[in-house]
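1. have a look at this prediction, sequence included:
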Amino acid sequence: MPLMCDVLIVGGGVTGLSTALHLALRKCGRIRVLERHYVGAGQSGRAAGIIRSTVRHAGLSRWQAESSRFFQCLDEQFGEGIPVHQAGYLLATNQDHSASVDDAIRVATSTGCRVSRIDARQANDLQPGLRSDDQTIYVFEPGAVHLDPMEATQALARIVRQLGVEIVEGCEVQRLEVVGSMVQVATETETIESSVVLLGTSCWLPLQMERFGQPLPVRPHRAEMGFFQVPARSDQRLQRIVSDAAAGIYLRPEGSNQMFVGWREGDWVKSLEDCVQQDPDQGRQTAEFSTVRKMHQALSTTLPWMRAGFVHRTFACTYDYSPDGMPILDRLEGPAGIYFAAGFSGGGFSLSPFVGRTMAEYIATGRRPADIVELSWQRFRDGKTIQWSNG
């Protein structure tokens with residue numbers, strides 16, 4: 001006999017766990033999470049962990065603010081506090097982007113975000129040693145935060161277990177099919193049936209959706225990151241979350257002597273054809289040497305004092321990119337309740353509390369929440385892609 005549950009979630013990253021949490025709070029019955037590896041083994045544990053609201057999309061700005069509040073209140077709400085560092089977000093960009101910068105400030109401010117332009121002197125007071133020239137615009141959002149993504153993911157796992165959710169690690173789905181009004185999921189050790197399944201499997205999701213005749217416009221994209229250490233005997237430290245459009249990188253503090261550095265992928269991934277294709281099961285898990293060298297050069301442009309710094313370690317992961325860089329939150333048409341969340345394009349961690357809340361509402365009520373109407377997959381079919389920029 002198949003094992004029965006009320007909601008089955010495939011994927012034990014922040015999307016699946018956040019949805020499980022909100023479903024448990026809604027008393028949605030027996031909830032089970034299947035994770036093929038260990039919790040947070042995929043993109044969730046390799047995210048930058050940055051949450052900020054300076055974007056040219058009012059909804060996204062609000063959703064990011066919701067996520068920030070959620071993580072800052074974990075201890076108060078669930079007794080699982082984690083360090084959340086309010087370092088502030090400092091953007092350095094070219095004069096050519098002046099109009100779009102002002103538009104991003106206007107949009108973010110309209111949602112309650114505190115952000116404004118600052119001058120070069122103020123920027124260097126906030127981050128000593130930051131590059132400075134007459135052609136650079138500086139913007140600062142003091143409320144932006146960063147946190148350890150794996151620590152946050154594991155905290156979510158502890159919370160949902162305390163709420164009665166069962167998480168099964170090392171459990172790969174081998175078969176997924178609709179049987180009448182139920183969804184049947186087979187693993188190596190058991191078969192599970194549920195009337196509701198949420199697929200939160202990132203870049204593996206398109207293949208799963210094809211089995212149901214539902215092509216999903218999501219493509220895997222290889223992203224590379226590095227942790228760099230400050231020069232020996234240097235008093236300089238990274239104090240802020242920094243995004244430098246001219247250098248093409250973003251960075252945040254990592255402990256007291258290191259910094260996390262990644263590429264501003266959205267600056268050059270403008271369509272799925274721009275993605276650096278990678279098989280998520282076979283891709284190399286560390287950055288290429290050429291990438292590390294270019295990243296260090298870019299970092300030395302942003303923070304000239306980091307020329308004498310060195311790369312401490314690197315990693316790579318596979319993003320699930322959508323054509324407009326925004327997530328797809330929807331359900332499969334048909335009698336069975338198959339819901340899916342994908343296409344986060346590198347922003348899944350920072351949106352996970354919002355996604356979990358809205359997908360839990362969608363599943364519990366059967367009605368699409370107003371907040372995610374524009375995130376339906378049909379927007380690509382209907383030519384209604386979302387126009388926005390990342391600040």
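-> Received the coordinates, thanks.
2. list the buried residues of stretch 193-209.
-> Neighbour counts using 16 or more other Cβ atoms under 10 Å place 193-206, 208-209 of stretch 193-209 among the buried residues. C-beta: built from backbone N, CA, C; applies to glycine.
3. centroid-nearest residue for the protein?
-> Gly348 (2.3 Å; Cα atoms, centre = their mean).
4. and that one, how far from Met4?
-> According to Cβ to Cβ, to the nearest Å, Gly348 and Met4 sit 29 Å apart.
5. and the helices in the stretch 51-200 of the chain?
-> Secondary structure of the stretch 51-200 of the chain (DSSP state H, counting those that start in this stretch): helices located at 58-72, 74-78, 98-110, 120-126, 149-162.
6. redo those helices as CSV? Include distance to Arg240 and mean neighbour count.
-> What follows is the helices of the stretch 51-200 of the chain, written out as CSV (distance: least, Cβ to Cβ, whole Å; neighbours: other Cβ atoms under 10 Å):
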stretch, distance to Arg240, mean neighbour count
helix 58-72, 16, 20
helix 74-78, 23, 14
helix 98-110, 17, 17
helix 120-126, 6, 15
helix 149-162, 19, 21
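7. need these in CSV with distance to Val230 and mean pLDDT, can you?
-> Converted to CSV, those look like this (distance: least, Cβ to Cβ, whole Å; pLDDT from 0 to 100):
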stretch, distance to Val230, mean pLDDT
helix 58-72, 27, 97
helix 74-78, 30, 96
helix 98-110, 29, 95
helix 120-126, 17, 97
helix 149-162, 22, 97
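8. before we move on, the earlier item: can you pull the contacts of the residue nearest to the centre of the chain?
-> 13-15, 43-44, 47, 202, 320, 327, 355 (Cβ atoms under 8 Å, 6 or more residues apart in numbering).
9. assumed Pro206 was part of a helix.
-> Yes - under DSSP: H, G, I helix; E, B strand; the rest coil, Pro206 sits within a helix.
10. which strands or helices does the least confident helix or strand in the chain by mean pLDDT pack on?
-> Every helix and strand in the chain was compared by mean pLDDT, DSSP states H and E; the lowest is helix 205-210, with a mean of 88. Judged by 3 or more Cβ pairs under 8 Å, 6 or more residues apart in numbering; DSSP states H and E, helix 205-210 is in contact with strand 196-199, strand 337-342.
11. in this protein, which helix is the longest?
-> helix 348-365 (DSSP state H).
12. still on that earlier bit, now for the helices and strands packed on helix 205-210, which one comes closest to Ser300?
-> strand 337-342 (36.1 Å; Cβ to Cβ).
13. give me the helices and strands touching the closest one, please.
-> strand 196-199, helix 205-210, strand 328-331, helix 348-365.
14. out of the ones you listed, which is closest to Leu126?
-> Taking the helices and strands packed on strand 337-342 one by one with Cβ to Cβ, helix 348-365 is closest: 21.5 Å.
15. angle of the closest one against helix 149-162?
-> Computed by axes from the mean of the first three to the mean of the last three Cα atoms, to 10 degrees, the angle separating helix 348-365 from helix 149-162 equals 20 degrees.
16. next structured bit after helix 348-365?
-> The helix or strand immediately downstream of helix 348-365 is helix 378-381, counting by DSSP states H and E.
17. quick one: that next one to chain centroid distance?
-> 22 Å (Cα atoms, centre = their mean, to the nearest Å).
18. just to revisit the earlier point, now the helices and strands packed on helix 205-210 as CSV including distance to Arg106 and mean pLDDT?
-> Output for the helices and strands packed on helix 205-210, formatted as CSV (distance: least, Cβ to Cβ, whole Å; pLDDT from 0 to 100):
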stretch, distance to Arg106, mean pLDDT
strand 196-199, 36, 96
strand 337-342, 30, 96
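19. for Pro215, which of those is the nearest?
-> Per Cβ to Cβ, nearest to Pro215 of the helices and strands packed on helix 205-210: strand 337-342, 12.2 Å.
20. who does that closest one pair up with?
-> Each strand paired with strand 337-342, and its direction, by DSSP bridges: strand 196-199 (parallel), strand 328-331 (antiparallel).
21. please save the CA atoms from it in CSV.
-> Coordinates of each C-alpha in strand 337-342 appear next as CSV, following Å, rounded to 0.1, in the frame of the first residue of the first chain:
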residue,chain,number,x,y,z
GLY,A,337,-2.9,19.2,-7.5
ILE,A,338,0.7,19.7,-8.8
TYR,A,339,2.2,23.0,-7.9
PHE,A,340,5.6,24.2,-8.9
ALA,A,341,8.1,27.0,-8.1
ALA,A,342,11.1,27.6,-10.3
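22. doesn't Gly226 make contact with Val292?
-> Yes - Val292 is in contact with Gly226 according to Cβ atoms under 8 Å; the separation is 5.9 Å.
23. give me the pLDDT value at the residue nearest to the centre of the chain.
-> With respect to pLDDT, Gly348 scores 96.
24. please tell me how far it sits from Phe70.
-> 14 Å.
25. so which of the helices and strands packed on strand 337-342 is nearest Gly248?
-> Using Cβ to Cβ, these put helix 348-365 closest to Gly248, at 19.7 Å.
26. so that closest one versus helix 58-72, what angle?
-> 100 degrees.
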